[in-house]
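**Student:** A predicted structure for the sequence below; I have some questions about it.
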There are 2 protein chains.
Amino acid sequence: MSSRLIGVGVGPGDPELVTVKGVNALRAAAIVVVPVMDTGERGRAEATVLHYVPAEKVVRVVFALNERTDRARREDAWDAAGERVAALLRAHDSVAFATIGDPNVYSTFTYLAQTVAALVPDTVVESVPGITAMQDLAARSGAVLTEGTEPLTLVPVTAGSAVLKEALAGPGTVVAYKFGRQAAEVADALRETGRLGDAVWGTALGLDGESVRPAADLDGGPLPYLSTLIAPPRRDGGRGGKL
Amino acid sequence: MSSRLIGVGVGPGDPELVTVKGVNALRAAAIVVVPVMDTGERGRAEATVLHYVPAEKVVRVVFALNERTDRARREDAWDAAGERVAALLRAHDSVAFATIGDPNVYSTFTYLAQTVAALVPDTVVESVPGITAMQDLAARSGAVLTEGTEPLTLVPVTAGSAVLKEALAGPGTVVAYKFGRQAAEVADALRETGRLGDAVWGTALGLDGESVRPAADLDGGPLPYLSTLIAPPRRDGGRGGKL
């Protein structure tokens, strides 16, 4: 009989930002896998899951989620994690995988599902949406993401500053994810495009150590990988970031 | 004493796609305002709210949400709705406004908050994120929104086909919202950019009459305004739409 692998988005950190559907999916699954990362930013999905399901049902699996890690090592870690999850799927009828944010937005779940589909071909893959960090930062800072006919572009800083600058030259809000050592380049791109003044930045949303600040207050030094920046366009009489 | 206006994202239609925080905010508010639209697509937010709070606490307010409506009439409707909500805020310490999707993504809440801020200046405005239709369509269709260093661009079809074509020429997933008579232009743009084959379209997600289909199967005729299209980029060995 085929088993189900359900990617459940558990939101950016605040345990209340899981959907009712997500809570039900975590509770209905035989086993809930939580990714344990090789960086300091571990345990975010795990902490949220433990809010809703007993620890006995939670299986910690080491994933190397950090994009700064060497690609080959990351792929090895994914494969090993896939083998582990495949073994769980052979033993249980349903396995939930908890992922921060949304399982279809820059999530390890995408790679896990590919690996598992190769190992256990009859697996039924499903996902339950989750609140992304940009949505939580918008709510916490008062920055409106889009209105009217504005587009919205989400850019990982790891894509390089050319992609970011092109988006910033356009008419809509730009959201930057996946920070790190390129923080100074992001600040330069915001300054060059006249977007620094209205931009807001945040990290550890809903967690101890939460920080939400105007981007203009950042000093240009490295920022946590799991940072989010929202740069709204100029709006006529608009309500931009309220910070 | 100042009152609180809380925009609560109630997701695209499935009542289970409200967050725990959203449910708590709806239940904690003295009054929950639900927008009643001037189109056939009314009652979506209302139906979700009635899943969680008693009807006695729900106030229906007419908004003209349909972007095809004449701009002046829409603004009049917003102003009248703002007056109504302002009156509620003068009488109650907290008023929740339920909005489909997310209150900071193409939401009437943005305009409502502006109007109310002018009428009741000491109002404290807050928002609670909600699942957007693109996230629900990704989950229901198996289309991955973003992976790796891919950008994501969200484009309202009402912005014109040039904006859509420019996004489709780029390297990331393109999501189109706010459909209608321009559906044929969208199909043309997808065909010209080689993206038709992998694109998925959906409407009435989580509701009676839900439809999720490959974009290639659409006949080019008008589509519901509240439609969503996801056009993923070509991915090496990737898992695109699973339809």
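**Tutor:** Done, it's in.
**Student:** CA atoms for contacts and neighbours, from now on please.
**Tutor:** Will do.
**Student:** if you skip the residues just before and after it, what's nearest to whichever residue of chain A sits closest to chain B?
**Tutor:** Distances between chain A and chain B by C-alpha to the nearest C-alpha are smallest at A:T19, namely 3.7 Å. The spatial neighbour of A:T19 that comes closest, neighbours along the chain excluded (C-alpha to C-alpha, 6 or more residues apart in numbering or on different chains), is B:T19 at 3.7 Å.
**Student:** Tell me the pLDDT of that neighbour.
**Tutor:** What the model reports for B:T19 is a pLDDT of 98.
**Student:** Let me know how buried it is, in neighbour terms.
**Tutor:** Around B:T19 there are 31 other residues, counting by other C-alpha atoms under 10 Å in any protein chain shown.
**Student:** Ok, the one 4 residues further on next?
**Tutor:** Other residues within reach of B:V23, judged by other C-alpha under 10 Å, total 23.
**Student:** Tell me who's in contact with the closest residue to it other than its chain neighbours.
**Tutor:** Nearest residue to B:V23, sequence neighbours excluded (C-alpha to C-alpha, 6+ apart): B:Y52, at 6.7 Å. Listed by C-alpha atoms under 8 Å, 6 or more residues apart in numbering or on different chains, the contact partners of B:Y52 are B:V23, B:L26, B:R27.
**Student:** follow-up on the earlier one: wouldn't the residue of chain A closest to chain B be in contact with B:V18 here?
**Tutor:** Yes - contact criterion C-alpha atoms under 8 Å: A:T19 and B:V18 qualify, at 5.2 Å.
**Student:** Check the spacing between A:P214 and A:A139 real quick.
**Tutor:** Per C-alpha to C-alpha, to the nearest Å, A:P214 is found 14 Å from A:A139.
**Student:** Please say which of those two ends up with more neighbours.
**Tutor:** Neighbour count, other C-alpha under 10 Å: between A:P214 and A:A139, A:A139 has more, with 24 against 19.
**Student:** which ones are touching that one?
**Tutor:** Per C-alpha under 8 Å, 6+ apart, neighbours of A:A139: B:N104, B:E126, B:S127, B:V128, B:P129.
**Student:** Filter those down to the ones in strands?
**Tutor:** B:E126, B:S127, B:V128 (DSSP state E).
**Student:** what about A:P54, how many residues close to it?
**Tutor:** 11.
**Student:** tell me the contacts of it?
**Tutor:** So A:P54 contacts nothing (C-alpha under 8 Å, 6+ apart).
**Student:** got the domain boundaries for chain A?
**Tutor:** What automatic domain parsing lists as the domains of chain A is A:4-128, A:133-231.
**Student:** related to what we said a few turns ago, on the three-state scheme, the residue nearest to B:V23 is what?
**Tutor:** coil (DSSP: H, G, I helix; E, B strand; the rest coil).
**Student:** List of residues touching the helix or strand of chain A with the lowest mean pLDDT?
**Tutor:** Sorted by mean pLDDT, DSSP states H and E, the helices and strands of chain A end with helix A:71-91, the least confident at a mean of 87. With contact meaning C-alpha under 8 Å, 6+ apart, helix A:71-91 is reached by A:3-5, A:31, A:33, A:61-65, A:95, A:111-112, A:115-116, A:119-120, A:123.
**Student:** what's the next secondary structure element after that helix?
**Tutor:** Next along the chain after helix A:71-91, taking DSSP states H and E as the criterion, comes strand A:94-99.
**Student:** Isn't A:V125 up against A:L112?
**Tutor:** No - with contact defined as C-alpha under 8 Å, A:V125 does not reach A:L112; the gap is 10.3 Å.
**Student:** More neighbours: which of these two?
**Tutor:** A direct count of neighbours by other C-alpha under 10 Å for A:V125 and A:L112 places A:L112 higher, at 21 against 17.
**Student:** what's near enough to touch the residue nearest to the spatial centre of chain A?
**Tutor:** With distances taken as C-alpha atoms, centre = their mean, A:G101 lies nearest the centre of chain A, 4.2 Å away. By C-alpha under 8 Å, 6+ apart, the residues touching A:G101 are A:G9, A:V10, A:G11, A:P12, A:S107, A:G130, A:I131, A:T132, A:A133.
**Student:** Within reach of chain B, which of the residues you listed are there?
**Tutor:** A:S107, A:G130, A:I131 (C-alpha under 8 Å from any C-alpha of the partner chain).
**Student:** In contact with the first one, which residues are there?
**Tutor:** By C-alpha under 8 Å, 6+ apart, the residues touching A:S107 are A:T99, A:I100, A:G101, B:E147.
**Student:** swap the cut-off to 10 Å and go again
**Tutor:** Contacts here follow C-alpha atoms under 10 Å, 6 or more residues apart in numbering or on different chains; on that basis A:S107 touches A:G7, A:G9, A:L65, A:T99, A:I100, A:G101, B:V144, B:L145, B:T146, B:E147, B:G148.
**Student:** The second one too?
**Tutor:** Neighbouring residues of A:G130 by C-alpha under 10 Å, 6+ apart: A:7-12, A:17-19, A:21-22, A:98-105, B:17-19, B:130-132, B:135-136, B:139.
**Student:** Mind checking which of these are in helices?
**Tutor:** A:K21, A:G22, B:Q135, B:D136, B:A139 (DSSP state H).
**Student:** In JSON lines, list those along with distance to B:T173.
**Tutor:** Supplementary listing: these in JSON lines, determined by distance: C-alpha to C-alpha, whole Å:
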{"residue": "A:K21", "distance to B:T173": "26"}
{"residue": "A:G22", "distance to B:T173": "25"}
{"residue": "B:Q135", "distance to B:T173": "13"}
{"residue": "B:D136", "distance to B:T173": "15"}
{"residue": "B:A139", "distance to B:T173": "15"}
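**Student:** measure A:A216 to A:F179 for me?
**Tutor:** For A:A216 relative to A:F179 (C-alpha to C-alpha), the value is 16 Å.
**Student:** for A:R90, same thing?
**Tutor:** 37 Å.
**Student:** cool, A:V155 as well?
**Tutor:** Using C-alpha to C-alpha, one obtains 10 Å as the distance from A:V155 to A:F179.
**Student:** which residues are common contacts for the two?
**Tutor:** With C-alpha under 10 Å, 6+ apart as the test, A:V155 and A:F179 both reach A:L229.
**Student:** Could you give the number of residues near the spatially closest residue to A:Y177 that is not a sequence neighbour?
**Tutor:** Take A:Y177 and drop its neighbours on the chain: the residue closest to it by C-alpha to C-alpha, 6+ apart is A:P156, 4.6 Å away. If you count neighbours by other C-alpha under 10 Å, A:P156 ends up with 24.
**Student:** show me where chain A has strands.
**Tutor:** So, for chain A - with DSSP E - the strands run A:4-9, A:31-36, A:58-62, A:94-99, A:124-128, A:152-156, A:173-177, A:200-203, A:211-214, A:227-231.
**Student:** Quick one: distance of the fourth one to the chain centre.
**Tutor:** Offset of strand A:94-99 from its chain centre (C-alpha atoms, centre = their mean, to the nearest Å): 16 Å.
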